[in-house]
Structure formats: structure tokens, C-alpha cells
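S.K.: My questions are about this predicted structure, shown below with the sequence.
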Amino acid sequence: MSASDPNLSVLHRKTVAGQQQHQARSVTVAKAMRLSVAKVALDVFDMAMQAIGLVVEERSQEDCVEMMADDALLVLLDGPQGRVGAAMIDAGLVGGLIQQQTMGRVTPEPGSARPMTDTDAAMCAPMLDALFAKAAQAVEDEGDKLLLRGFTFGARADEPRLVAMALEERDYRVIRLTLDMAKGARQGDLVLFVPSVPVPDPDGDGLDEAEHTGAADSGPRNLTDVVMHLEAELMVQLCHVRMNLSDLTRLSAGDTLLLPPGTFPKTRIIAQSGKCLGTGTLGQVDGQRALKIDREPSHAKQPQRRESDQPDVEMPQVAPIDMGLSGDPDSPASIPPELPMAALPDFDDLQLPELDDLPDLNSLPDLDKLPDLAALPDLKSA
């Protein structure tokens with residue numbers, strides 16, 4: 001329907017023309033992506049980038065999987081409410097982003113083909129996170145906001161088969177961007193696969209009744225709730241057993257290994273990285289295997305000094321040492337607390353003895369008159 005259609009009334013033609021002008025000024029998903037990618041490249045990577053081609057279309061899950069190439073970087077996207085999206089970045093764009101972050105410039109040489117790694121995905125993750133965040137703020141339609149809001153980098157996928165297993169929705173919005181890097185130095189394609197969302201209603205914010213009820217019951221989730229619900233795989237290590245490689249290759253199901261004495265039931269709790277997280281005692285509870293974790297006393301890491309914390313210190317009671325200054329009158333070494341000053345003698349009335357009767361030091365015999373000591377027996381002959 002065009003505003004120049006002669007069959008339309010004057011009022012109808014004005015209405016159609018106004019709608020076309022509003023749609024031209026409104027920020028759609030395509031316009032938001034085109035504007036956001038240039039700002040993200042400048043803010044995050046300090047480089048010039050622009051979208052020279054952009055296509056937005058609806059595709060089924062099977063069509064999305066067929067579009068994915070084996071030599072491109074495949075990334076899974078984590079979205080709100082458990083929605084999962086995907087992104088495909090071709091090798092040229094990945095190489096340009098890595099060059100800009102490592103060397104500070106982009107070269108036109110594509111280099112030899114190589115398989116993508118987790119490092120490549122980590123280098124491209126900031127672009128995906130910033131692109132979705134900025135584009136979700138730029139669009140005006142509430143349905144488009146729900147489409148882009150909350151998507152972040154999740155993990156790298158090794159092959160399209162793994163992406164097909166993660167994409168569970170029936171329809172997806174495919175956003176293909178052809179990007180020019182560093183003013184024509186290199187070009188590459190970025191394809192985003194975002195699950196389609198229902199048209200938002202005024203009361204439910206785009207959620208159906210079941211989803212709205214579930215979101216209201218669960219309430220807002222913070223980072224602590226998400227982390228505490230993550231699965232952590234731990235290993236219980238009984239002991240270390242050394243053996244020759246030839247003996248190890250001959251082991252089969254049903255063989256018995258002798259454990260070193262004194263190792264059971266004490267065990268070690270090992271993470272996937274090999275770090276020891278703690279120790280415990282292996283046993284059973286209600287017929288099932290159980291592990292009792294050894295608890296380290298709280299005062300081992302946090303010394304307690306308050307009197308109220310004394311029962312938790314786990315130290316014996318020590319009686320105080322009596323230094324004889326407690327003021328107890330029954331103690332023989334104690335000093336009376338109140339001694340009358342009158343009982344003490346006056347030093348002015350003391351009569352000191354006369355020292356005239358002492359013998360004169362000059363009357364002492366001379367050292368020459370001492371008896372001869374030659375008669376003493378010899379110590380060696382004794």
C-alpha cells in the first residue's frame with residue numbers, strides 16, 4: 001500500500017505517508033546493528049569498522065544449522081529465560097580482531113587456514129557482548145528489545161552438530177552482517193542466530209501466561225543464586241599407587257589392586273584441575289556411600305580473642321599464677337592492705353652503734369709473715 005494510490009482517500013493517504021515517515025525514522029534491528037557495530041569497534045577495539053551489508057530474515061532451526069560452516073568460529077550465546085542463540089564468525093573477521101588486539105593494526109593478508117580455538121573465541125567475546133548490549137538499547141520496538149536483550153557469549157562449539165543440539169527453538173531471527181575492517185584492510189561476515197520471541201502484549205511484556213507466572217514465582221535471580229546452582233565435578237582420591245607401565249597395560253575389569261596400609265578410609269577431595277580442596281573420611285549412610293568432610297577449626301584461620309568466643313577456641317583452661325600480690329590476708333606472701341603508719345619506727349630516733357671499737361686495718365700482719373706453703377702435698381702424687 002502506497003500513499004500515491006489514487007483509490008485511497010485523502011485522510012488515508014496522509015495516514016500511510018505518516019506511517020512510512022515514522023518507520024523511516026524508527027530504529028529497527030537492522031539499523032541498530034549497523035550503528036552499534038561501528039561504535040563497539042571504536043570503543044572496545046579502537047578500530048574503524050562498518051557494516052557494508054546487512055540482512056535480517058526468519059529461518060527455521062534446520063536452515064540455521066545448514067548455514068553454519070565448519071571452518072568458521074561457532075559460538076553459543078546465553079540468553080534470558082534459558083534461551084540459547086548462536087553466532088558464526090568467519091576466519092577473516094576473527095583474524096582481523098586478533099591482529100587489532102595483539103599488534104594494534106589489521107593487515108590484508110588472510111594467512112593460512114587453521115582450526116579455531118578457545119583463545120579465538122575469548123578474543124571475540126567482548127565484541128559479541130557489547131554488540132548485543134548496545135543494539136538492545138538502540139531499538140525502539142519492545143519486541144525487538146526482547147529479541148536482543150540479555151544475550152552474552154557462552155561457549156565455543158567445535159562443530160555445527162553441537163550447535164544443532166543446543167538450538168532447541170523452532171524459528172530464529174538470522175542477522176547477517178558483512179563488516180569492513182580498518183577502512184578496507186579486511187572484510188568478514190558475522191552471522192547471529194537469535195531465537196524469535198512472541199509479540200509483546202501490554203500486560204505480559206512479551207511473555208505468555210505460563211512464563212509470566214514462572215517468572216513471578218521465581219523472583220529476581222542474583223549472581224549468588226546462579227553460582228550456587230552450578231554443577232561442580234569433584235573426585236575422591238583414596239591413595240597413590242605406583243606401578244610399571246607394563247603392569248598398567250595388563251589391567252582389565254575385575255583385577256584387584258592392593259592399597260597401601262593406612263590409607264583407608266582417609267581420602268582427599270580433588271578438583272578437575274588436580275588441586276586438593278580438602279580431606280574426608282569415607283563411609284556409608286543408609287546403605288549408600290558417603291563422605292564426611294573434615295572440618296577445620298574456625299580459629300585456625302580466624303583467631304578468636306573475645307571472652308564470649310572462649311568455648312569455641314578448643315583450648316584447656318589454665319589457672320592464673322598467684323604472684324603473692326592478690327591482697328589475700330591468708331597468703332603468707334601477701335602484704336596487708338592497710339598498715340598503720342604509727343607502727344613504723346622513726347628513723348631520727350634510731351641509735352646507731354659507735355664504730356670506734358673496730359680494729360685498725362694497719363695492725364693486720366704482713367703477707368711476708370704467713371707460714372711457708374711448701375709443706376703442702378703435691379697434687380700429682382696424691
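M.R.: The structure has been received and is ready for your questions. Numbers count the residues shown, from 1 in each chain.

S.K.: Count the neighbours of residue 54 for me.
M.R.: Residues lying near residue 54 (other CB atoms under 10 Å) number 17. Quick note: C-beta positions are derived from backbone N, CA and C, even for glycine.

S.K.: what about the longest helix seen in the chain, average pLDDT?
M.R.: Longest helix of the chain, by residue count under DSSP state H: helix 118-138. Helix 118-138 shows a mean pLDDT of 91.

S.K.: Buried residues in the following helix or strand past that helix, which are they?
M.R.: As assigned by DSSP states H and E, the chain's next helix or strand after helix 118-138 is helix 142-148. Buried positions in helix 142-148, judged by neighbour count with 16 or more other CB atoms under 10 Å: 144, 145, 146, 147, 148.

S.K.: Residues in contact with the longest helix of the chain: which ones?
M.R.: Contacts to helix 118-138, defined as CB atoms under 8 Å, 6 or more residues apart in numbering, come from residues 27, 29, 31-33, 35-37, 39-41, 43-45, 73, 75, 77, 87, 89, 94, 97-98, 101, 145, 148-153, 155-156.

S.K.: Which of these fall within helices?
M.R.: Counting by DSSP H, the part of the contacts of helix 118-138 found in helices is 29, 31-33, 35-37, 39-41, 43-44, 94, 97-98, 101, 145, 148.

S.K.: What are the buried residues along the longest helix of the chain?
M.R.: 120-121, 123-136, 138.

S.K.: Which parts of this protein are helices?
M.R.: 10-25, 29-44, 61-67, 91-102, 118-138, 142-148, 160-166, 209-218, 223-228, 245-249.

S.K.: ranking those helices by mean pLDDT, which is last?
M.R.: Least confident of the helices of the chain, judged by mean pLDDT, is helix 209-218 with a mean of 43.

S.K.: so residue 143 sits right up against residue 197, yeah?
M.R.: Yes - in this structure residue 143 lies within contact range of residue 197 using CB atoms under 8 Å: 6.6 Å.

S.K.: okay, now residue 32: neighbour count?
M.R.: Neighbours of residue 32 using other CB under 10 Å come to 23.

S.K.: Okay, the spatially closest residue to it that is not a sequence neighbour and residue 115: tell me how far apart.
M.R.: Using CB to CB, 6 or more residues apart in numbering and skipping residues adjacent in sequence, the residue nearest residue 32 is residue 138, 3.9 Å away. According to CB to CB, to the nearest Å, residue 138 and residue 115 sit 35 Å apart.

S.K.: re earlier: just the buried residues of the contacts of helix 118-138.
M.R.: 27, 29, 31-33, 35-37, 40-41, 44-45, 73, 75, 77, 87, 89, 94, 97, 145, 148-149, 151, 153, 156.

S.K.: Now the terminal residues of stretch 248-264, how far apart.
M.R.: 22 Å (CA to CA, to the nearest Å).

S.K.: what does it contact?
M.R.: Taking CB under 8 Å, 6+ apart as the rule, stretch 248-264 contacts 238, 239, 241, 282.

S.K.: Show me what counts as buried in stretch 261-278.
M.R.: Buried-residue list, stretch 261-278, by 16+ other CB under 10 Å: 267, 268, 269.

S.K.: ugh, wrong one, stretch 192-199
M.R.: Those would be 192, 193, 194, 195, 196, 197, for stretch 192-199 by 16+ other CB under 10 Å.

S.K.: Return the subset of those residues lying in strands.
M.R.: By the criterion of DSSP state E, membership of the buried residues of stretch 192-199 in strands covers 192, 193, 194, 195.

S.K.: My read is that the third one contacts residue 171, right?
M.R.: No - under the contact definition of CB under 8 Å, residue 194 does not touch residue 171, with a separation of 10.3 Å.

S.K.: hmm, back to that, okay, the angle between the longest helix of the chain and helix 91-102?
M.R.: 90 degrees (axes from the mean of the first three to the mean of the last three CA atoms, to 10 degrees).

S.K.: could you dump helix 118-138 to CSV, C-alpha only?
M.R.: Provided in CSV are the C-alpha atoms of helix 118-138 (Å, rounded to 0.1, in the frame of the first residue of the first chain):
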residue,chain,number,x,y,z
ASP,A,118,39.0,-21.4,22.6
THR,A,119,41.5,-18.5,22.6
ASP,A,120,40.0,-17.2,19.4
ALA,A,121,36.5,-17.3,21.0
ALA,A,122,37.8,-15.4,24.0
MET,A,123,39.3,-12.7,21.8
CYS,A,124,35.9,-12.2,20.0
ALA,A,125,33.7,-12.5,23.1
PRO,A,126,33.9,-8.7,24.0
MET,A,127,32.6,-7.8,20.6
LEU,A,128,29.5,-10.0,20.9
ASP,A,129,28.7,-8.9,24.4
ALA,A,130,29.0,-5.2,23.6
LEU,A,131,27.1,-5.5,20.3
PHE,A,132,24.0,-7.1,21.9
ALA,A,133,24.0,-4.7,24.9
LYS,A,134,24.2,-1.6,22.7
ALA,A,135,21.8,-2.8,20.0
ALA,A,136,19.2,-3.8,22.6
GLN,A,137,19.3,-0.2,23.9
ALA,A,138,19.1,1.4,20.4
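
S.K.: Having no further points to raise, I will conclude here.
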